[in-house]
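Student: sequence first, then the predicted structure:
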There are 2 protein chains.
Amino acid sequence: MKKLSPVTGRVARMHGYVPGEQPAGGALIKLNTNENPYPPTPQVAEAVASEAAGAGLRLYPSPMADALREKAAQVYALSPAQVLVGNGSDDILAICLRACVSEGDEVAYTVPTYFVYRTLVDIAGARRVEIPYVPADDGRGSTAPQIVRLPDALVESGARVKFVCSPNSPLGYVVPLEEVARLAAASTGLVVADEAYGDFGEGSAIELLADHPNLLVARSFSKSYSLAGARLGLAFASPQLLAGLAKVKDSYNVSRFSLAAGVAALDDQDWMRGNVAKVKATRARTVAELRVKGWAVRESGANFIWIDCSAQGGKPVYDRLRARNVLVRWFDEPGLTDGIRVTIGTDEEMSTFLSAIAS
Amino acid sequence: MKKLSPVTGRVARMHGYVPGEQPAGGALIKLNTNENPYPPTPQVAEAVASEAAGAGLRLYPSPMADALREKAAQVYALSPAQVLVGNGSDDILAICLRACVSEGDEVAYTVPTYFVYRTLVDIAGARRVEIPYVPADDGRGSTAPQIVRLPDALVESGARVKFVCSPNSPLGYVVPLEEVARLAAASTGLVVADEAYGDFGEGSAIELLADHPNLLVARSFSKSYSLAGARLGLAFASPQLLAGLAKVKDSYNVSRFSLAAGVAALDDQDWMRGNVAKVKATRARTVAELRVKGWAVRESGANFIWIDCSAQGGKPVYDRLRARNVLVRWFDEPGLTDGIRVTIGTDEEMSTFLSAIAS
């Protein structure tokens, strides 16, 4: 008997998310997946080593990651019941869809945006409502500060879940908090403010939580805290909403190692802020130098920049950089082929990048 | 405007999985969640500390956990494409449902069994086909070796996914490989052989994979490898099936810490086997002593035993043990209230348990 694959037709047809390349060797300057160029606080290594050497490893971790939840509540001035810990903020995003949509329900977001949303909607068998939206920005600074008004199609949609990635990946623009509030107020479903890059911008939708029980703020340890390898994310929302979400998470979704790493990282805010300040300074210098050289670079509130390559095409620029051992991100996606996204590295790395892109 | 919760009605109505208690203090003898009483190989602490101190932590881990996949392929004599790594075997089980069922599809398994299946089916909005099944065993050794024939209702069901937990939790019986093979051959959907406790029994459905492209074997690092705190599980199946499953996993589902821990644990098979042998010896002694004292204890292929408490009721026995600082598992579930599940601890712990249950 020849059997069909047990995988559903929907999953068989869908495309999985393709993460940015993780090159094995160390020869490349890696500016493709928005990692922090600086290491995490040394307290992380200490805390993890101590956890690994301790007697607890044979035991399950705290199902709700209590120690990290409490630490995060302290740092963000919330109660522990307003915090949920995820195995990366991707886990948080997946949990949101698992809890809030059924097959055929609508999930809305502007595009371009973080491509994982699309994959998650496909996995859920939900319907993507993708609203094309590129805020005006000539890439030469003349429109700063950007005024971003969310499209009415998003605000007025009856979608069960709406994602707002701010600062936006891959374009870098920031959605003002008033707009997030307007969206949450107008929506009956869940509004997810994805602030994976929030520490590189200003303000946080966390301050809107008290007024909007359908709002959830997602944060990541992968960028500002330099812990992409630890897989840690946080969700902030009302206790009632998070109680619903907790039902659909894996019961022990975060390891003892990552818990210890997260507490240590949150405990050293100065370290994180110092790295963020360095990245922002390097970002400003990089943008200024690129503009002087004639490149159009959008304003960015994140740890990356979007460079318009419409004169040469994004792929040739990507290829040229790659040939010079600089790895950036080029997306083979509608509306994005004419640009590249470049993570902000160290000053030295960005100098190499600037030479490579000019040559 | 008073808003309804954004959580779907299905999730609002469902009960989340309730993990076994994780007491904070150290005063209790913890025999409730089937952890290994012995620590993992010391190589784990070394590997994790080195990973934590290394320069890689700011970078994403390998999306497919390549190093661990390759190591597991070596240990289990498979190809890396036949291995998928999960954030605990719960992640593997969740991935199976996400990939293979749509809302309303049937998922079948015998009960009692691992309660997470029920939660996962509810999350998926699928239909539970629960087939009551308790193999004959007088608890006094007279039926050993157990002959377990899977119920025809399970074998003949057209369910899209079928779970077989062998060795079974909470009862401890083992399903012979011929029966797993018969089930896989008769099924068109996915058959998951959940071998979380496999190292405490004998044989593995891994040897059936070549003949059954719809079979998946799930294994855990939480029991035999003493790494419940690391959240690591493995799936073994055909490359084609795993390629479908990989599409619906979180793209970076396993941290760098856990990857390092997993490779180190697999690298020290002698350590794991030594602990398993100790647990099995203690299990044999515990079962024998309980039977001498008049308790009916089922044969077990796992690191726990099921004790019939129908004379006194499971809850009173649980309470009495708890009052004596011994924590076991009592399930407030149909068919299970008259027994307790007791994890095999060290010899010393089991001596305390044996005194406590007798007093």
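Tutor: That came through fine.

Student: next to chain B, which bits of the stretch 251-359 of chain A? Give me the list.
Tutor: Counting by C-beta under 8 Å from any C-beta of the partner chain, the residues of the stretch 251-359 of chain A close to chain B are A:251-258, A:261. Heads up, the C-betas are built off the backbone N, CA and C, glycines and all.

Student: same thing but at 10 Å, please
Tutor: Counting by C-beta under 10 Å from any C-beta of the partner chain, the stretch 251-359 of chain A comes close to chain B at A:251-261, A:264, A:275.

Student: for these, give me TSV that also has pLDDT, secondary structure and neighbour count.
Tutor: Output for these, formatted as TSV (pLDDT from 0 to 100; DSSP: H, G, I helix; E, B strand; the rest coil; neighbours: other C-beta atoms under 10 Å in any protein chain shown):
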residue	pLDDT	secondary structure	neighbour count
A:251	94	coil	19
A:252	97	coil	25
A:253	97	coil	28
A:254	98	coil	29
A:255	98	coil	33
A:256	98	helix	29
A:257	98	helix	30
A:258	98	helix	31
A:259	98	helix	25
A:260	98	helix	28
A:261	98	helix	33
A:264	98	helix	26
A:275	98	helix	23
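
Student: pick the one among those residues closest to residue A:139.
Tutor: residue A:275 (26.4 Å; C-beta to C-beta).

Student: ok, that closest one touching residue A:35?
Tutor: No - judged on C-beta atoms under 10 Å, residue A:275 makes no contact with residue A:35 at a distance of 11.4 Å.

Student: intersection of neighbour lists for the two?
Tutor: By C-beta atoms under 10 Å, 6 or more residues apart in numbering or on different chains, residue A:275 and residue A:35 have these common neighbours: A:223, A:226, A:303, B:58.

Student: and the second one, how close does it get to residue A:177?
Tutor: Separation of residue A:226 from residue A:177 (C-beta to C-beta, to the nearest Å) stands at 26 Å.

Student: of these two, which one has the most company?
Tutor: Using other C-beta atoms under 10 Å in any protein chain shown as the criterion, residue A:226 and residue A:177 rank with residue A:226 on top: 24 against 17.

Student: dump the residue contacts of that one.
Tutor: By C-beta under 10 Å, 6+ apart, the neighbours of residue A:226 are A:35-41, A:44, A:265, A:271-272, A:275, B:57-59.

Student: again with residue A:180
Tutor: A:150, A:164, A:166, A:191, A:193, A:195, A:203-205, A:207-208, A:212, A:215, A:217.

Student: just the buried residues of those.
Tutor: By neighbour count, with 16 or more other C-beta atoms under 10 Å in any protein chain shown, the contacts of residue A:180 hold A:150, A:164, A:166, A:191, A:193, A:195, A:204-205, A:208, A:212, A:215, A:217 as buried.

Student: which of the contacts of residue A:226 tops the neighbour count?
Tutor: residue A:44 (28 neighbours).

Student: tell me what the helix or strand where that one lies is packed against?
Tutor: In this assignment (DSSP states H and E), residue A:44 forms part of helix A:42-53. Under the contact criterion of 3 or more C-beta pairs under 10 Å, 6 or more residues apart in numbering or on different chains; DSSP states H and E, helix A:42-53 touches helix A:256-267, helix A:269-292, helix B:42-53, helix B:256-267.

Student: looking at those helices, spot the one closest to residue A:52.
Tutor: helix B:42-53 (3.9 Å).

Student: buried sites along the helix holding residue A:44?
Tutor: Using 16+ other C-beta under 10 Å as the test for burial, helix A:42-53 gives A:43-45, A:47-49, A:51-53.

Student: quick one, that helix and helix A:256-267 angle?
Tutor: 150 degrees (axes from the mean of the first three to the mean of the last three C-alpha atoms, to 10 degrees).

Student: next, the angle helix A:269-292 makes with helix A:42-53.
Tutor: 130 degrees.

Student: does the helix or strand just after helix A:42-53 reach chain B?
Tutor: Remark: after helix A:42-53, the chain's next helix or strand is helix A:66-75, criterion DSSP H and E. Yes - for helix A:66-75, a contact with chain B is found by C-beta under 10 Å from any C-beta, at residue A:66.

Student: the host helix or strand of residue A:241: which residues count as buried?
Tutor: Assessed by DSSP H and E, residue A:241 sits inside helix A:239-246. Using 16+ other C-beta under 10 Å as the test for burial, helix A:239-246 gives A:241-246.

Student: only alpha carbons, please: show that helix as CSV.
Tutor: C-alpha atoms of helix A:239-246 as CSV (Å, rounded to 0.1, in the frame of the first residue of the first chain):
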residue,chain,number,x,y,z
PRO,A,239,-3.6,38.9,33.5
GLN,A,240,-6.9,37.6,32.1
LEU,A,241,-5.6,37.5,28.5
LEU,A,242,-2.3,35.9,29.6
ALA,A,243,-4.2,33.2,31.6
GLY,A,244,-5.9,32.3,28.3
LEU,A,245,-2.6,32.2,26.4
ALA,A,246,-0.9,30.2,29.1
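
Student: do any residues in it lie close to chain B?
Tutor: Yes - in terms of C-beta under 10 Å from any C-beta, part of helix A:239-246 sits within range of chain B, namely A:240-241, A:243-246.

Student: report the contact partners of residue A:22.
Tutor: A:30, A:32-33, A:35, A:228, B:59-64, B:66, B:252.
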